[in-house]
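Student: Take this sequence and fold it.
(2 chains)
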2 protein chains.
Amino acid sequence: MKAYNIAVVGPLGVVGGKLIEILVERNFPINKIKLLGTSRNKNKKIKFHGQTLLTEVAEEGAFIDVDIAFFCVDSNVSKHLAPIAIKEGAVVIDNSSAWRLDDKVPLVIPEVNPEDLHSHNQLISNPNCSTIQMLVPLKPIHDIFKIKRIVVSTYQSVSGTGKKGMEELNNQLLDYYFNTPMTNSVYPHQILFNALPHIDDFLENGYTKEEMKMVNETKKILDKDIDKGRDEDGQ
Amino acid sequence: MKAYNIAVVGPLGVVGGKLIEILVERNFPINKIKLLGTSRNKNKKIKFHGQTLLTEVAEEGAFIDVDIAFFCVDSNVSKHLAPIAIKEGAVVIDNSSAWRLDDKVPLVIPEVNPEDLHSHNQLISNPNCSTIQMLVPLKPIHDIFKIKRIVVSTYQSVSGTGKKGMEELNNQLLDYYFNTPMTNSVYPHQILFNALPHIDDFLENGYTKEEMKMVNETKKILDKDIDKGRDEDGQ
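Tutor: Numbering: from 1, shown residues only, chains lettered A, B, ... in the order given. Prediction:
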């Protein structure tokens, strides 16, 4: 079995940490692995298959010899770094929203549209987490019945906000326990024992970014005709 | 202003406690107040407007001289006690699901269908909490546009399960904090940091009791024709 030279970009975040866990869990065929972060986070120690690896800096030259680079960083970082990684020969699999709606980039859920992988140009994009969870069960239904419209409500976890969200939750839990005043800075309200009916920023059309991600990504992955009647019949 | 003789049935529960708080907050015109619970919970002390009241037993004879009895008890208790209270002359305002779909009992949200109060027979029923929250904003929309169908997702709090649910949440919070094993008996899964996509028992039609409460109560309060097309077009 071929073994790959791998890079994980953003190994210290929640998603990067989980990705490293999964590579281990699945015994992914790895020849060499590089953990690439910011220059501020250089030489941090991360456990991998019993070894201790040191993080390196994600910069020009870091992707030479890398076969697959898993990007677990935010959109702006991905926009800057993915072209560098591609130029140096890596295939980038990107978790951010940076490339999802780019026509030249396949947006892939392996259980839904694996055939779209065939035409990648060293860049493959991963949908929003809510889109993935929604489309896996809807794909076989769509194949048989053809879905016209989807009404969806999501119940999203604090971990979706990343480490800073989870830390705020944990601090509020301690404040609750010790009866000290709760503070919040990541969320606009207390998040402990709460559900906020709002995710991401509002756009001009009155929907939030997160909501429109689900609409646009679903059209790209499953069927561009889904929700076509929206504007005509005003629903 | 006329002052009333009031009874609160179930004063030690979460709902009863809240009701007592609201009577104080609104300065409800009270002549005498009685707090009626089970014989096991006789003579419990409850603060009210700076006084300390003792609970009495909710039984035959307890409702003589009571003008309004607020029932904050479960359905079975209400079925047994409400006829007794009515017979002894009280007007019962019931929070349980016992009488909601009874044709002779008005089901009232003051902001939505206050006119239904005019024909009560000493028994007025209060809808499910989710029905109330949903119908207050939908009423003016329905008046203008006529609603045909409602798609609703609820995000319900642990307090909806009553004191035992809140205690389980609190115990799991301590277990999390002290890193001791979490246990659960009220909910089928850990409820701390969780959302369970299921509320109340399933019925033969595949919906849960809570879901059908919202359907049936909405038809009674707002418009019996809402959702009429459900069976015909299979949606």
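Student: What separation is there between the closest residue to residue A:153 other than its chain neighbours and residue B:61?
Tutor: Sequence neighbours aside, residue B:153 is the residue nearest to residue A:153 in space, at 3.6 Å (criterion: CB to CB, 6 or more residues apart in numbering or on different chains). For every residue, glycine as well, the C-beta is placed using N, CA and C. Plainly put, residue B:153 is 46 Å away from residue B:61 if you go by CB to CB, to the nearest Å.
Student: for residue A:6, same thing?
Tutor: Where residue B:61 is concerned, residue A:6 sits at a distance of 79 Å (CB to CB).
Student: The two: which is more packed in?
Tutor: Neighbour count, other CB atoms under 10 Å in any protein chain shown: between residue A:6 and residue B:61, residue A:6 has more, with 22 against 8.
Student: Regarding that one, what is its secondary structure?
Tutor: strand (DSSP: H, G, I helix; E, B strand; the rest coil).
Student: What residues does it make contact with?
Tutor: By CB atoms under 8 Å, 6 or more residues apart in numbering or on different chains, the contact list for residue A:6 reads A:23, A:28, A:30, A:31, A:32, A:33, A:34, A:66, A:67, A:68, A:69, A:70.
Student: surely the fourth one meets residue A:65?
Tutor: Think residue A:31. No: Residue A:31 lies out of contact with residue A:65 (CB atoms under 8 Å); the separation is 9.6 Å.
Student: can you tell me the residue of chain A closest to chain B?
Tutor: residue A:153 (3.6 Å; CB to the nearest CB).
Student: returning to that earlier point: between residue A:31 and residue A:65, which contacts overlap?
Tutor: Contact with both residue A:31 and residue A:65 is made by residues residue A:5, according to CB under 8 Å, 6+ apart.
Student: And the strands in chain A, which stretches?
Tutor: A:4-9, A:30-37, A:45-48, A:51-54, A:56-57, A:68-71, A:91-94, A:123-125 (DSSP state E).
Student: Please tell me I have it right and residue A:56 contacts residue A:62.
Tutor: Yes: counting by CB under 8 Å, residue A:56 touches residue A:62, with 6.3 Å between them.
Student: which residues are in contact with both of those two?
Tutor: In contact with both residue A:56 and residue A:62: A:34, A:36, using CB under 8 Å, 6+ apart.
Student: Would you mind listing what in chain A touches chain B?
Tutor: Taking CB under 8 Å from any CB of the partner chain, the part of chain A that reaches chain B is made up of A:151, A:153, A:155, A:157-158, A:169, A:173-174, A:176-177, A:193, A:195, A:197.
Student: Let's check: the centremost residue of chain A is which one?
Tutor: For chain A, the residue nearest the mean C-alpha position is residue A:95 (3.4 Å; CA atoms, centre = their mean).
Student: For it, give me its contacts.
Tutor: Counting by CB under 8 Å, 6+ apart, residue A:95 touches A:15, A:70, A:71, A:72, A:73, A:126.
Student: swap in residue A:184?
Tutor: Contacts of residue A:184 (CB under 8 Å, 6+ apart): A:168, A:172, A:190, A:191.
Student: So the first one sits against residue A:186, correct?
Tutor: Spelled out, that is residue A:168. Yes: the criterion here is CB under 8 Å, and residue A:168 meets it with residue A:186 at 4.5 Å.
Student: picking up where we left off before, in a markdown table, list the strands of chain A along with distance to residue B:39.
Tutor: Formatted as a markdown table, the strands of chain A follow (distance: least, CB to CB, whole Å):
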| stretch | distance to residue B:39 |
| --- | --- |
| strand A:4-9 | 66 |
| strand A:30-37 | 67 |
| strand A:45-48 | 61 |
| strand A:51-54 | 67 |
| strand A:56-57 | 73 |
| strand A:68-71 | 66 |
| strand A:91-94 | 67 |
| strand A:123-125 | 67 |
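Student: okay, those, which one's buried deepest?
Tutor: strand A:68-71 (a mean of 26; mean count of other CB atoms under 10 Å in any protein chain shown).
Student: Paired strands for that strand, with orientation please.
Tutor: strand A:4-9 (parallel), strand A:91-94 (parallel) (DSSP bridges).
Student: Spit out the contact partners of the closest residue to residue A:73 other than its chain neighbours.
Tutor: Of all residues not flanking residue A:73 in the chain, residue A:10 sits nearest, at 4.0 Å (CB to CB, 6+ apart). The contact partners of residue A:10, by CB under 8 Å, 6+ apart, come to A:16, A:36, A:37, A:58, A:71, A:72, A:73, A:77.
Student: Quick check: residue A:10 vs residue A:228, distance?
Tutor: Residue A:10 sits 37 Å away from residue A:228, going by CB to CB.
Student: can you check residue A:134 too?
Tutor: With CB to CB as the criterion, residue A:134 and residue A:228 are 18 Å apart.
Student: neighbour-wise, which of these two wins?
Tutor: residue A:134 (20 against 12).
Student: which one is the more buried one nearest to, not counting chain neighbours?
Tutor: Closest to residue A:134 by CB to CB, 6+ apart is residue A:152, at 6.1 Å.
Student: What of residue A:212?
Tutor: Looking at residue A:212 with CB to CB, 6+ apart, the closest residue is residue A:203, at 6.1 Å.
Student: swap in residue A:156?
Tutor: Distances taken as CB to CB, 6+ apart place residue A:199 nearest to residue A:156, at 6.1 Å, with adjacent residues excluded.
Student: How many neighbouring residues does that neighbour have?
Tutor: Residue A:199 has 14 nearby residues by other CB under 10 Å.
Student: will you turn the contacts of residue A:184 into a markdown table that also has neighbour count?
Tutor: Output for the contacts of residue A:184, formatted as a markdown table (neighbours: other CB atoms under 10 Å in any protein chain shown):
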| residue | neighbour count |
| --- | --- |
| A:168 | 21 |
| A:172 | 19 |
| A:190 | 16 |
| A:191 | 20 |
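Student: Turn the residues you listed into JSON lines, including pLDDT and distance to residue B:139.
Tutor: Output for these, formatted as JSON lines (pLDDT from 0 to 100; distance: CB to CB, whole Å):
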{"residue": "A:168", "pLDDT": "97", "distance to residue B:139": "37"}
{"residue": "A:172", "pLDDT": "95", "distance to residue B:139": "36"}
{"residue": "A:190", "pLDDT": "96", "distance to residue B:139": "30"}
{"residue": "A:191", "pLDDT": "95", "distance to residue B:139": "31"}
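Student: among the strands of chain A, which is nearest residue A:102?
Tutor: strand A:123-125 (7.5 Å; CB to CB).
Student: Now do the closest one: distance to the chain's middle.
Tutor: From the chain centre to the centre of strand A:123-125 is a distance of 12 Å (CA atoms, centre = their mean, to the nearest Å).
Student: who touches it?
Tutor: Counting by CB under 8 Å, 6+ apart, A:82, A:86, A:91-94, A:98-100, A:102, A:104-108, A:117 sit against strand A:123-125.
Student: Could you give me the ChimeraX syntax to select whichever of those residues are buried?
Tutor: In ChimeraX, this line selects whichever of the contacts of strand A:123-125 come out buried by 16 or more other CB atoms under 10 Å in any protein chain shown:
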select /A:82,86,91,92,93,94,98,99,100,105,106,107,108
